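*Asks:* fold the stuff below for me.
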Amino acid sequence: MKNAQSIHHSRIFIAFSLGMQISSCWADRLDQLEKSVEILQKSNQQLEARLVTAENKTKKQQSTLRKLKEAETPFNIHGFMSTYATKGKKNVDAQGLGIDDHWSYRPDTMAAVQMDYAVADNTKAIVQFIAHGYNDFDLNMSWGYVAYQMNDNWLFRLGRLQSNLYRYSETLDVGFSYPWVRPPLSIYVVGISNVEGISSLFRYWLNDWLLEGDFVVGTADFPNRFRSIKSRNSISSSIAVERDFLSARLNYVHAPTTIVEGIPDPFNTEYFVLSTQYDDNQWYVNLESSKILGDSYQKDLIGTAITIGYKLGRYTPFVSYEHIYSTKTSDDRLRSLVPEGIIAREQQSRNFQLGLRYDIDSRIAAKFQVDYFHDFDGTGSGIFDTIDESSILDAAKLAELGDSNMLYSVGIDLVF
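*Replies:* Below you'll find the predicted structure:
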């Protein structure tokens, strides 16, 4: 009996002990669960706070985007200008710019304003007015056309356009777009400034190569300080390829009916320009070569210019070499028809150039440049003005020029 009671009491004790242990274990589990719930609640509160912060940021960003969108306007205005002091070593002008042996602030100084208005999503009207110091700052409309973007690959323009003859033709007046004070005179000495007509431009990617080109038909203007020169039915085209830091461009212009004031019959002129460029944001190499052919007073001219520059932070020192020469003089027919002052003569000139560009910021650049023209071979170079309206070669100017001359230029280019 006593043994049975002892066994019963032992079972009760064991059960009680197990119950106490289980109770203690569940209590621990409950404590852990409560702590986990507290942690989850705190995490949830933090997440809610983050969500509120993110929502506020999103609302602010959406508000900013709405304000920007509301601030957008179909009308935009841009501008650019150059202001330079230029001096020649000798009292012989260059290209009718007004450069002599005194410091002058007009020859390379200019300002321009460009305005465009989005008529529709894919159509813009663009007008550009420009004033050059060498032209007494008279205001002229250099651009005035309507542009239609058909798709991502094709653009059409109609109106008064900039010529596409040279690599820098589109930005010829925007000094900020190139390293020199002025583009190489041996290449840009002769050419077409504007075309009134229609153009089509295309742009395609072929694997890693970018292919661009355009085709222009219209009436072309030739800059000349003696006579009005235009070419009706002018046709020009260009093709360009680019990959990474390297690009090449070929331009061709056929001017079949070039009309010069004082010449009763039109004549034919052809232009070929080949250019290559390497620019890896440190080394800059630009090579451009032109050839002008035809039965014109321009005669056959060949020009070449190469520039090598190296970017050192904001500084870009560069050196250039240029050469221009003629292969024939004007024909007898033109000599009998044209006043002597505009008859072209033999041309020969070489130029060594040393320059420095300093980018003050992303919109302003200061430049210094020295040009040494030489090896004229008695021709008057073709770069400097040794003729007037009454003689083929002005003896006094030719004697003053001799076989060399230097130009010094310093100033600033900016865009806005």
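*Asks:* switch to C-alpha atoms for all contacts and neighbour counts from now on
*Replies:* Noted.
*Asks:* contacts for stretch 235-249, please.
*Replies:* 164-165, 167, 208-218, 250-255, 274-280 (Cα atoms under 8 Å, 6 or more residues apart in numbering).
*Asks:* which among these count as buried?
*Replies:* 164-165, 167, 211-218, 250-255, 274-278 (16 or more other Cα atoms under 10 Å).
*Asks:* just the ones of these in helices?
*Replies:* Judged by DSSP state H, the buried ones among the contacts of stretch 235-249 include no members of helices.
*Asks:* surely Ser193 meets Gln162?
*Replies:* Yes: Ser193 is within contact range of Gln162, at 6.4 Å (criterion: Cα atoms under 8 Å).
*Asks:* which residues do those two both contact?
*Replies:* Common contacts of Ser193 and Gln162, defined by Cα under 8 Å, 6+ apart, comprise Ser169.
*Asks:* all helices of the stretch 201-350 of the chain, in order?
*Replies:* Here the stretch 201-350 of the chain has its helices, by DSSP state H, counting those that start in this stretch, at 332-337.
*Asks:* now the strands for it?
*Replies:* For the stretch 201-350 of the chain, the strands defined by DSSP state E, counting those that start in this stretch occupy 209-222, 229-243, 246-260, 267-279, 283-294, 301-310, 315-326, 348-359.
*Asks:* any idea how this protein splits into domains?
*Replies:* Annotated domains of the chain cover 1-72, 73-415 [automatic domain parsing].
*Asks:* which of these comes out lowest on mean pLDDT?
*Replies:* Confidence, taken as mean pLDDT, is least for domain 1-72 of the domains of the chain (a mean of 60).
*Asks:* where does Gln41 land in three-state SS?
*Replies:* At Gln41 the chain is in helix, as set by DSSP: H, G, I helix; E, B strand; the rest coil.
*Asks:* for it, give its distance to Gln32.
*Replies:* Using Cα to Cα, to the nearest Å, Gln41 is found at 14 Å from Gln32.
*Asks:* same question, Glu212
*Replies:* In terms of Cα to Cα, Glu212 sits 71 Å off from Gln32.
*Asks:* now do Asn91
*Replies:* In terms of Cα to Cα, Asn91 sits 99 Å off from Gln32.
*Asks:* for the two, indicate the residue with more neighbours.
*Replies:* Shown here are Asn91 and Gln32; by other Cα atoms under 10 Å, Asn91 has more neighbours (15 against 12).
*Asks:* from memory Thr83 sits against Ser409, does it?
*Replies:* No: in this structure Thr83 lies outside contact range of Ser409 using Cα under 8 Å: 10.3 Å.
*Asks:* burial check on Val181, number of neighbours?
*Replies:* Other residues within reach of Val181, judged by other Cα under 10 Å, total 27.
*Asks:* that should have said Met141, apologies.
*Replies:* By other Cα under 10 Å, neighbour count at Met141 equals 14.
*Asks:* quick check: beta-bridge partners of it?
*Replies:* Phe129 (DSSP bridges).
*Asks:* repeat for the one 4 residues further on
*Replies:* Using DSSP bridges, the beta-bridge partners of Tyr145 come out as Ile126, Gly159.
*Asks:* can you offset everything so residue one is 209?
*Replies:* New numbering, starting at 209: the last item is Tyr353.
*Asks:* in terms of contact, does it touch Ile334 like I think?
*Replies:* Yes: if you go by Cα under 8 Å, Tyr353 and Ile334 touch, sitting 5.5 Å apart.
*Asks:* ok, the closest residue to Ser446 other than its chain neighbours to Phe576 distance?
*Replies:* Spatial nearest neighbour of Ser446, chain neighbours left out: Asn459 (4.3 Å); criterion: Cα to Cα, 6 or more residues apart in numbering. Distance, Asn459 to Phe576, using Cα to Cα: 30 Å.
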